[in-house]
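*Asks:* structure here, sequence nowhere to be found:
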């Protein structure tokens with residue numbers, strides 16, 4: 001169904017209106033009309049409705065056709081206006097045509113009306129289609145121009161008949177010299193790099209000769225400033241009647257992109273060959289999304305094998321639940337450093353230091369991790385620290401030997417006197433007390449030495465720092481010499497710390513020796529301890545807030561240090577001592593030890609003004625202090641005790657103590673003998689006292705573990721020297737007795753081992 005033609009009829013004579021409508025209806029023209037003779041209404045109708053044509057009389061009451069034509073022209077509307085009127089002179093008709101009327105139809109000859117109207121409607125439709133096509137072409141050209149500008153590509157067209165070239169504006173920017181490119185293909189070819197020219201020319205010529213007519217490639221092109229751009233070109237051949245007439249193409253400058261690719265390739269190679277293991281971890285599944293060569297080679301895996309592993313497979317220090325919790329914590333932490341242990345393909349355990357931080361990739365959070373195998377490094381550091389301790393031991397050897405000789409001399413003289421003249425009961429009591437004091441003094445001296453020389457297996461325990469410092473000062477007096485005066489300033493509070501005493505002793509011993517070396521002509525060494533709240537601000541670490549610290553200040557009146565030396569004093573291997581006099585590890589190691597115990601250290605010094613080292617250690621809650629049990633609280637002891645000791649005198653004395661307490665003792669000197677006793681009287685044995693490190697021939701487990709397997713309910717006391725490395729303890733009720741031990745400490749542990757089985761004696 002055709003759309004009706006929309007007509008505006010401007011006429012004020014009703015009979016003429018009827019004539020027009022009858023004439024229109026006689027034709028096959030479908031129309032809808034609006035009639036008006038009011039110029040104001042006509043203006044409104046033209047502005048609000050879309051008419052296909054206007055039929056207007058020449059002269060109306062109050063206005064003429066000229067005003068209607070002026071309204072159409074003013075609005076720049078393409079609406080054909082036909083003037084339908086009576087007698088009008090030729091001059092006036094010509095004037096109306098100039099004003100925009102498309103035809104003039106006389107009322108006495110209305111047979112022309114419909115043909116004239118249809119003609120003008122067709123011409124208007126043609127103009128409209130042409131206008132729309134022109135607008136579409138303009139939009140297409142604008143869109144193409146925008147696409148060209150946005151793509152950054154240079155478009156070109158080569159006329160094969162003339163050899164001429166047409167270029168887009170973007171090619172001028174590529175040329176870079178402000179001049180227009182040559183319109184001939186030969187000059188364009190001259191800009192090609194000599195090494196690339198032949199391949200490009202041959203490739204395009206082959207495309208022209210072939211039926212496909214496409215070619216693409218990359219080549220170097222000379223810019224206006226003489227540098228070379230790397231271009232990627234795509235072109236196709238336009239044919240007319242089977243003959244190639246034009247070649248149209250586009251060139252993209254990929255110089256920067258290629259440079260980025262090369263830089264990325266170099267960076268990837270650097271990451272892949274880095275000495276550290278580097279990887280990206282999915283915290284949800286623990287998978288390694290990316291990893292470098294070091295990551296899989298350090299654990300003995302191939303790339304394919306490691307790709308199938310997860311964090312749960314290689315981390316052998318934490319349980320699966322702990323790893324899952326740790327991965328989620330790492331997702332929410334800006335960065336994190338931790339020490340863990342990995343299991344290699346061959347089962348070997350590797351100590352690892354890991355640095356991790358979260359990264360965002362495509363809206364998801366992953367972990368960027370860098371980890372380093374520090375197994376060998378830690379072993380070397382341990383050897384260096386042990387060498388340091390041995391150096392201290394060497395310096396102490398002379399003084400220790402002198403102290404031991406004094407102890408032995410007192411004991412020897414008293415025993416000789418007792419043999420020459422048997423002592424009276426009162427003299428015997430005095431003699432035993434004196435000898436007991438000498439034994440305690442020797443034992444204390446031995447334990448101090450063992451604390452300093454012990455290997456680096458940490459043994460964290462609560463102890464009173466002030467008392468430990470006093471003991472250390474006594475041991476150090478001979479090392480420091482007679483020209484060093486030691487001043488001790490103590491706090492009234494008890495300084496209970498939770499630390500490895502031997503490690504902390506080594507820290508302060510190093511500081512004592514440094515102070516001695518800084519005062520070659522003698523001076524004053526001040527050791528001050530106190531509780532301080534200002535240490536929280538000094539540390540600069542918010543994680544330490546809310547905790548109480550003890551401050552230990554060790555000051556000397558020595559030569560002091562310059563600002564340059566002070567800036568480097570805690571660097572590893574930096575030393576101010578002469579070659580062979582120090583490794584430079586003392587202060588850096590001391591600082592690391594304090595950090596591992598939750599503390600820190602600072603230093604103040606000026607040339608000629610001495611030096612002060614200030615160390616901080618966190619205090620343990622006083623409520624957690626371990627009270628010493630009352631050794632005199634006697635009670636019935638277990639009736640059957642297995643006692644295994646290799647040293648005959650010590651075995652004899654221990655047996656006497658146990659038997660005097662009412663125990664029935666089964667003596668053994670080695671593991672084989674002990675196993676025979678266990679197998680023969682096992683139901684009666686309720687307590688076993690055995691060396692912690694005694695091996696059992698033919699068994700990977702030691703004697704203590706084997707006894708536990710055979711007698712799961714038995715109580716055990718394991719004896720060991722203070723310097724022994726801690727060995728894995730058997731399960732169940734186990735206590736440790738360090739030798740040398742006193743009667744009180746032995747009976748206390750036996751009493752604690754079997755509560756309810758103790759009897760008075």
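*Replies:* Okay, I see it. Only a predicted model underlies this, so the values are computations on that prediction, with no experimental measurement involved. Numbers count the residues shown, from 1 in each chain.
*Asks:* what's the domain layout of this protein?
*Replies:* Here the domain parsing of the chain from automatic domain parsing is 5-130, 152-258, 273-373, 379-446, 458-624, 640-753.
*Asks:* please state the offset of the last one from the chain centre?
*Replies:* Think domain 640-753. Offset of domain 640-753 from its chain centre (C-alpha atoms, centre = their mean, to the nearest Å): 50 Å.
*Asks:* what does the residue nearest to residue 59 when sequence neighbours are not counted show for phi and psi?
*Replies:* In space, and not counting its chain neighbours, residue 59 is closest to residue 85: 7.1 Å by C-beta to C-beta, 6 or more residues apart in numbering. Quick note: C-beta positions are derived from backbone N, CA and C, even for glycine. Here is the backbone geometry of residue 85 (degrees, to the nearest 10): phi -150, psi 180.
*Asks:* doesn't residue 55 make contact with residue 85?
*Replies:* No - using C-beta atoms under 8 Å, residue 85 makes no contact with residue 55, being 10.3 Å away.
*Asks:* sorry, back to before: ok, now which ones touch the residue nearest to residue 59?
*Replies:* By C-beta atoms under 8 Å, 6 or more residues apart in numbering, the residues touching residue 85 are 57, 58, 59, 65, 104, 105, 106, 107.
*Asks:* who does it form a beta bridge with?
*Replies:* Judged by DSSP bridges, the bridge partners of residue 85 are residue 106.
*Asks:* same question, residue 253
*Replies:* Beta-bridge partners of residue 253, as defined by DSSP bridges: residue 231.
*Asks:* I'd say it and residue 227 touch.
*Replies:* No - between residue 253 and residue 227 there is no contact under C-beta under 8 Å: 11.5 Å.
*Asks:* neighbour count: these two, which is higher?
*Replies:* Neighbour count, other C-beta atoms under 10 Å: between residue 253 and residue 227, residue 253 has more, with 19 against 10.
*Asks:* any idea how far the closest residue to residue 648 other than its chain neighbours lies from residue 382?
*Replies:* Nearest residue to residue 648, sequence neighbours excluded (C-beta to C-beta, 6+ apart): residue 669, at 7.6 Å. Going from residue 669 to residue 382 by C-beta to C-beta, to the nearest Å gives 35 Å.
*Asks:* so for the residue nearest to residue 648, what's the pLDDT?
*Replies:* We have a pLDDT of 90 for residue 669.
*Asks:* distance of it from residue 707?
*Replies:* In terms of C-beta to C-beta, residue 669 sits 16 Å off from residue 707.
*Asks:* more neighbours: those two, which one.
*Replies:* Ranked by neighbour count (other C-beta under 10 Å), residue 669 and residue 707 place residue 707 first, with 25 against 14.
*Asks:* report pLDDT for the more buried one.
*Replies:* pLDDT recorded at residue 707 is 88.
*Asks:* secondary structure class of it, three-state.
*Replies:* Per DSSP: H, G, I helix; E, B strand; the rest coil, the local secondary structure of residue 707 is helix.
*Asks:* okay, and the beta partners of the nearest residue to it once chain neighbours are set aside?
*Replies:* In space, residue 707 comes closest to residue 688 once its chain neighbours are excluded; the distance is 5.5 Å by C-beta to C-beta, 6+ apart. Taking DSSP bridges as the rule, residue 688 bridges to residue 642, residue 716.
*Asks:* was I right to think residue 359 contacts residue 369?
*Replies:* No - Residue 359 sits out of contact with residue 369 when judged by C-beta under 8 Å, with a separation of 10.1 Å.
*Asks:* need the residues touching each of those two.
*Replies:* Common contacts of residue 359 and residue 369 (C-beta under 8 Å, 6+ apart): residue 280.
*Asks:* out of the two, which sits in the busier spot?
*Replies:* residue 369 (21 against 11).
*Asks:* doesn't that one lie inside a strand?
*Replies:* Yes - counting by three-state DSSP, one finds residue 369 located in a strand.
*Asks:* tell me the contacts of it?
*Replies:* For residue 369, the contacting residues are 278, 279, 280, 281, 354, 355, 356, by C-beta under 8 Å, 6+ apart.
*Asks:* 7 Å instead, please
*Replies:* 279, 281, 354, 356 (C-beta atoms under 7 Å, 6 or more residues apart in numbering).
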